[in-house]
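Asks: Generate a structure from the sequence data that follows.
(3 chains)
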Amino acid sequence: MNIKELTKGIFKENPVFIIVLGLCPTLGVSTQVSNAIGMSAGVFFVLLFSNIIISALRNFIPDSIHIPAYIVIIASLVTIIELFMHAFAPAVYAALGVYLPLIVVNCIILGRAEAFASSNTVIDSALDAIGMSIGFTLSLTLIALIREVLGAGTITLFPIGSFDGVLEVPWLIDNPFRVVALAPGALLLMGFLKAFFDWKAMRKVD
Amino acid sequence: MSYIAILITFIFINNFILVQFLGLCPFIGVSKDSENAIGMGAGVTFVTTVASVVTWAIYHFLLVPFDLAYLQTLTFILVIATLVQLLEMVIQKVSPALYKALGIYLPLITTNCAVLGIAIINITNDYNVMESFTAGLAAGLGFTLAIVLMSNIRERLDLHPVRKAYRGMPIAFISAGLMALAFMAFDKSLLTNLHLV
Amino acid sequence: MKKNIKYALILLSICAISTAALALTNSITAPVIEVQEEENRLAALKAVSMGYEIGVQEDIVGDRSVTFVTDLKDGGQTVGYILGLKGAGYGGEMALVASYKPDGEILRVQLLSHNETPGLGKKAENAGYMAKYEGTGAGSEVPTNKNMLSASDAQAVSGSTVTFAAIGKALEAGSRYVNELGGK
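Replies: Below you'll find the predicted structure:
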């Protein structure tokens, strides 16, 4: 067991900003904080179990058929989370739309299966999955938070009791920068954030 | 919806890359020069078109009659993976020249969100087989349009001084964002004004 | 050859286990999803029914705007209709339910689902938004563009022009549909 496997995904090998994987869902669902959290939960579930299962089966699955085998395992896990979300979190399910089944082709999951789980122990693979998921969740939530606050002037969480789940940001709610909430805003924001992370990495090297 | 409306919708209004972010990974990865971009675009268009028709047929003739719609995601991704393999073998046999041009992109296409995306969108939108075919073709063309434009921008960017931190991917994202801004001129009201809906 | 058979068997067993797991999940979730969708549908119908009795739902195939129709009854007499409507918004298809008087006047409107951008078309989820349409359809025209509203009402829908027009057009088509039913 190696605790480094857990922390590397958060900054050093952050899947979104450093390795730049799994962009479609990152940008597609980041219009609202609640969607970002829902998506992260889905990715966490699929990544954790795919890493565990693939790592446990790593001596059983021959090399020449590993890609189809991984795809079947990942697609099944995605369908399971899809069905459960449809049944028990219908609002999140509706908001995630086509991006939920697309977790199957999310490069993070197949990428971690290939690069890590296929050659490491179950426990290390689980830690790797948890670390990567935390990194993914933080990045996705950060983008969603910036886009929702600037683009709509709200922060949408989940309704609890009498709280309807929507926080309003004064002034911005009446004067939102709508372009940030739209498609171009996502790409521009991704560009600026990536530049920031690259800049930080470069400073470290110097 | 008329076929022209579907074409306009998927090429311009809901452009897979610039509006829906489907297929963004290869878009950023393979758009460094225009030759590669055209190859990738052609490969994706071919696969989205064929996959649209095949997944449509499988959904309506296999999954629905046997009440197995919940196996949609699993079946579609397997069909797409098989299809890409088959295509690779067929192209290799039939046209070695084309294989040489497209060969290296084909394996990447299996995990391209655009392909699985269009297969699922066809089902969600309740398209018939011809509409699915059109949507698949249009989605591929929209992808090609965006990636070719992007590669041209990046080729020119190489000749200009860009701040160190922005070099490579960041400036690519920002260029894509500005392109997306231009694409916002196309919206659903375009279809209404052209009397297509 | 023997190796190939072994590989095929391994893949096959992974597929079989996966499918079994999915079938199990589906058997748990399918009934929940069904109950939930039925509840949503009834809740939406109830929200626009104005307290009248809701009749049997009849699905409409082939109409560009209308997806289903049910009649509203008060003591055995038809006092209106509820229509399921669809329209093309900024982000794609939108589904609405709306109740009408037999002469085509809009009573209540409710948005079921849409893909609009948050902060833009999502304004349509606010309660006051739909009030702009209510009461129109028979005596006065259904507003299908901002210029047909008073200045203060237009302000409330500013920035969601496409969504506003799309809902208006669907409702207008519904109003014509009800008129053709002619209070049957």
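Asks: Now for the residue of chain B found nearest chain C, how many residues are close by?
Replies: Using C-beta to the nearest C-beta, the single residue of chain B nearest to chain C is residue B:70, 4.6 Å away. All C-beta atoms are positioned from the backbone trio N, CA, C, and that covers glycine. Neighbouring residues of residue B:70 were enumerated by other C-beta atoms under 10 Å in any protein chain shown; the total is 21.
Asks: Give me the pLDDT for it.
Replies: At residue B:70, the model reports a pLDDT of 87.
Asks: Relative to residue B:67, how far out is the nearest residue to it once chain neighbours are set aside?
Replies: Leaving out its chain neighbours, the residue that sits closest to residue B:70 by C-beta to C-beta, 6 or more residues apart in numbering or on different chains is residue C:26, at 4.6 Å. Distance, residue C:26 to residue B:67, by C-beta to C-beta, to the nearest Å: 10 Å.
Asks: Give me the more crowded residue out of the two.
Replies: Taking residue C:26 and residue B:67 together and counting by other C-beta under 10 Å, residue C:26 has the greater number of neighbours (20 against 9).
Asks: Going by secondary structure, the more buried one is in what exactly?
Replies: Under the assignment given by DSSP states H and E, the secondary-structure element containing residue C:26 is helix C:2-48.
Asks: ok, now residue C:82?
Replies: Per DSSP H and E, the secondary structure element for residue C:82 is strand C:77-88.
Asks: Sheet-wise, list the partners of that strand with their directions.
Replies: Partner strands for strand C:77-88, per DSSP bridges, with pairing direction: strand C:66-74 (antiparallel), strand C:93-100 (antiparallel).
Asks: so the very next helix or strand once past the shortest one versus strand C:66-74, what angle?
Replies: Beyond strand C:93-100 in the direction of the C-terminus, DSSP H and E gives the next helix or strand as strand C:106-113. Angle of strand C:106-113 versus strand C:66-74, following axes from the mean of the first three to the mean of the last three C-alpha atoms, to 10 degrees, is 140 degrees.
Asks: Would you indicate which residues of strand C:106-113 are buried?
Replies: By 16 or more other C-beta atoms under 10 Å in any protein chain shown, the buried positions in strand C:106-113 come out as C:106, C:107, C:108, C:109, C:110, C:111.
Asks: Near residue B:193, how many other residues are there?
Replies: Neighbour count of residue B:193, defined by other C-beta under 10 Å: 9.
Asks: and it, how far is that from chain A?
Replies: Residue B:193 sits 21 Å away from chain A when distances are taken as C-beta to the nearest C-beta, to the nearest Å.
Asks: helix, strand or coil for residue A:155?
Replies: strand (DSSP: H, G, I helix; E, B strand; the rest coil).
Asks: quick one: contacts for the spatially closest residue to it that is not a sequence neighbour?
Replies: With C-beta to C-beta, 6+ apart as the criterion, residue A:155 has its nearest non-adjacent residue at 4.1 Å, and that residue is residue A:167. With contacts defined as C-beta atoms under 8 Å, 6 or more residues apart in numbering or on different chains, residue A:167 is in contact with A:154, A:155, A:156, A:157.
Asks: Are any of these buried, and if so which?
Replies: Under a neighbour-count criterion of 16+ other C-beta under 10 Å, the subset of those counted as buried comprises A:154, A:155, A:156.
Asks: so how far is chain B from the first one?
Replies: Looking back up the chat, that one is residue A:154. For residue A:154, the distance to chain B under the criterion C-beta to the nearest C-beta works out to 22 Å.
Asks: cool, the last one as well?
Replies: Distance check for residue A:156 against chain B: by C-beta to the nearest C-beta, it reads 20 Å.
Asks: Give the bridge partners for that residue, please.
Replies: residue A:166.
Asks: That one contacts residue A:36, doesn't it?
Replies: No. No contact is recorded between residue A:156 and residue A:36 when judged using C-beta atoms under 8 Å, the distance being 9.6 Å.
Asks: Tell me how many other residues crowd residue 138.
Replies: No chain in the question, so chain A it is. 17.
Asks: wrong chain, I was asking about chain C
Replies: Applying the criterion other C-beta under 10 Å, we find 17 residues in the vicinity of residue C:138.
Asks: how would you label it: helix, strand or coil?
Replies: Residue C:138 ends up coil, using three-state DSSP.
Asks: same check, this time on residue A:85
Replies: Three states are possible here, and by three-state DSSP the one that applies to residue A:85 is helix.
Asks: For it, give me its contacts.
Replies: Applying C-beta under 8 Å, 6+ apart, we find residue A:85 in contact with A:38, A:42, A:92, A:93, A:96, A:100.
Asks: Let's see the pLDDT reported for it.
Replies: Predicted confidence (pLDDT) for residue A:85: 89.
Asks: With the one 5 residues further on instead?
Replies: Looking at residue A:90, its pLDDT stands at 82.
Asks: Please enumerate the strands of chain A.
Replies: Counting by DSSP state E, chain A forms strands over residues A:154-156, A:166-168, given from the N-terminal end onward.
Asks: Ok, which of those strands comes nearest residue C:82?
Replies: If you check each of the strands of chain A against residue C:82 by C-beta to C-beta, strand A:166-168 wins as the nearest, at 28.9 Å.
Asks: Can you give me the distance of residue A:69 to chain B?
Replies: According to C-beta to the nearest C-beta, residue A:69 stands 11 Å off from chain B.
Asks: Run a quick neighbour tally on that residue.
Replies: The burial count assigned to residue A:69 is 21, neighbours taken as other C-beta under 10 Å.
Asks: residues contacting it?
Replies: Residues near residue A:69 by C-beta under 8 Å, 6+ apart: A:57, A:61, C:10, C:11, C:14.
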